[in-house]
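Asks: just a sequence and a predicted model for now, questions to come.
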Amino acid sequence: MKKQDTIFGIHAVQALLDNSPERVIELWLLQGRDDERLTPLINLASTFGTTLQRAARKVLDDKAGSSQHQGIVARVKAVKPLTEKDLDELLDKTAVPFLLILDGVTDPHNLGACLRNADAAGVHAVIVPKDNSVGLTSTVSKVACGAAETIPLFQVTNLARTMRHLQDKGVWIVGTAGEAEGNVYQADLKGPLAIAMGAEDKGLRRLSREGCDSLVSIPMSGSVSSLNVSVATGVCLFEAVRQRLG
Ligand SMILES: C[S@@+](CC[C@H](N)C(=O)[O-])C[C@H]1O[C@@H](n2cnc3c(N)ncnc32)[C@H](O)[C@@H]1O
């Protein structure tokens, strides 16, 4: 396991300081930039005694591995990945679980956007297979706008087995596929629920698909064959939110 990571961008660093300030080793700020959006972060970091360093843009670009850092980069202690055992603990203390399964999303921008959607929809946890999926990279954190620091992400060895385990615990798994007959607006999304989304290129893998209790589509009216996975995730999660609020 990596010992250190980098998190950059105003929202991601804010969420980090709000939720796990003990992870922050040092903060790097863009030299000569007097951005009022950074001031609250600097003040908050100072209350935790965090080391603050000022540096030129090139240094921050190198530290972040990106130019999208908005003038702030944090070097942080890496978190221990959450596993099946941690998932059990979460299920045991959650009355009506609302979960998101992402079966092999590989683009960090898509994972970041899915985490952001999941957080906004009130999802309790996101589950991904350990292999063939992007993990929690600094780009994922930046795109997730703070959600990567708040929403638990479980990386499981065998997704099909975890799905069966969820079902044993009473969770209904709704998979999504463009060609499914029933649509998401007709499905009952109110009880203990996991919504399963497929990978960017191939969709849900066969075993994952067969492991779902039902499959639904999002009706498409135009000429394209599918939605981007993060957009489809938002549509499905918020249909579930609509039903669960009603
Ligand atoms: C880009 S799509 C994958 C397309 C892939 N060619 C396929 O055959 O499934 C990525 C994921 O977004 C979701 N998705 C996209 N459009 C959808 C739709 N119209 N209905 C249901 N799910 C959709 C599904 O979870 C899908 O696996």
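Replies: That came through fine.
Asks: where do the helices of this protein begin and end?
Replies: 10-19, 39-47, 57-64, 84-92, 108-121, 138-144, 159-168, 206-211, 229-245 (DSSP state H).
Asks: of these, which is nearest the ligand?
Replies: The closest of those to the ligand is helix 229-245. By CB to the nearest ligand atom, the value is 3.5 Å. From N, CA and C alone the C-beta is placed, and that goes for glycine too.
Asks: and that closest one, what does it pack against?
Replies: Judged by 3 or more CB pairs under 8 Å, 6 or more residues apart in numbering; DSSP states H and E, helix 229-245 is in contact with strand 98-102, helix 108-121, strand 172-176, strand 193-197.
Asks: would you reformat those as CSV and include distance to the ligand, mean pLDDT and mean neighbour count?
Replies: Shown next, in CSV, are the helices and strands packed on helix 229-245 (distance: least, CB to the nearest ligand atom, whole Å; pLDDT from 0 to 100; neighbours: other CB atoms under 10 Å):
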stretch, distance to the ligand, mean pLDDT, mean neighbour count
strand 98-102, 9, 98, 26
helix 108-121, 9, 98, 23
strand 172-176, 4, 98, 23
strand 193-197, 4, 98, 25
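Asks: the nearest residue to A64 once chain neighbours are set aside bridge partners, please.
Replies: Counting by CB to CB, 6 or more residues apart in numbering, F8 is the residue found nearest to A64 once chain neighbours are left out, at 4.2 Å. As for beta bridges, F8 partners with V73 under DSSP bridges.
Asks: contacts only, for F8.
Replies: F8 makes contacts with 60, 63-64, 66, 68-70, 72-74, 138, 141-142, as judged by CB atoms under 8 Å, 6 or more residues apart in numbering.
Asks: in these, find the pair that's most separated.
Replies: L60 and S141 (15.4 Å; CB to CB).
Asks: comparing these two, which residue is more hemmed in?
Replies: The neighbour comparison of L60 against S141 (other CB atoms under 10 Å) goes to S141, with 29 against 24.
Asks: residue contacts, that one?
Replies: In this structure, S141 makes contact with I7, F8, G9, A12, G112, A148, E149, judged by CB under 8 Å, 6+ apart.
Asks: in JSON lines, list the helices and strands packed on helix 229-245 along with distance to V134.
Replies: Converted to JSON lines, the helices and strands packed on helix 229-245 look like this (distance: least, CB to CB, whole Å):
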{"stretch": "strand 98-102", "distance to V134": "9"}
{"stretch": "helix 108-121", "distance to V134": "5"}
{"stretch": "strand 172-176", "distance to V134": "19"}
{"stretch": "strand 193-197", "distance to V134": "14"}
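Asks: out of those, which gets nearest to Y185?
Replies: Relative to Y185, the nearest member of the helices and strands packed on helix 229-245 by CB to CB is strand 172-176, separated by 12.2 Å.
Asks: what packs against that closest one?
Replies: Applying 3+ CB pairs under 8 Å, 6+ apart, one finds that strand 172-176 contacts helix 159-168, strand 193-197, helix 206-211, strand 214-216, helix 229-245.
Asks: which of the ones you listed is buried the deepest?
Replies: Mean neighbour count (mean count of other CB atoms under 10 Å) peaks for strand 193-197 among those, with a mean of 25.
Asks: now do it against strand 98-102, angle only.
Replies: 20 degrees (axes from the mean of the first three to the mean of the last three CA atoms, to 10 degrees).
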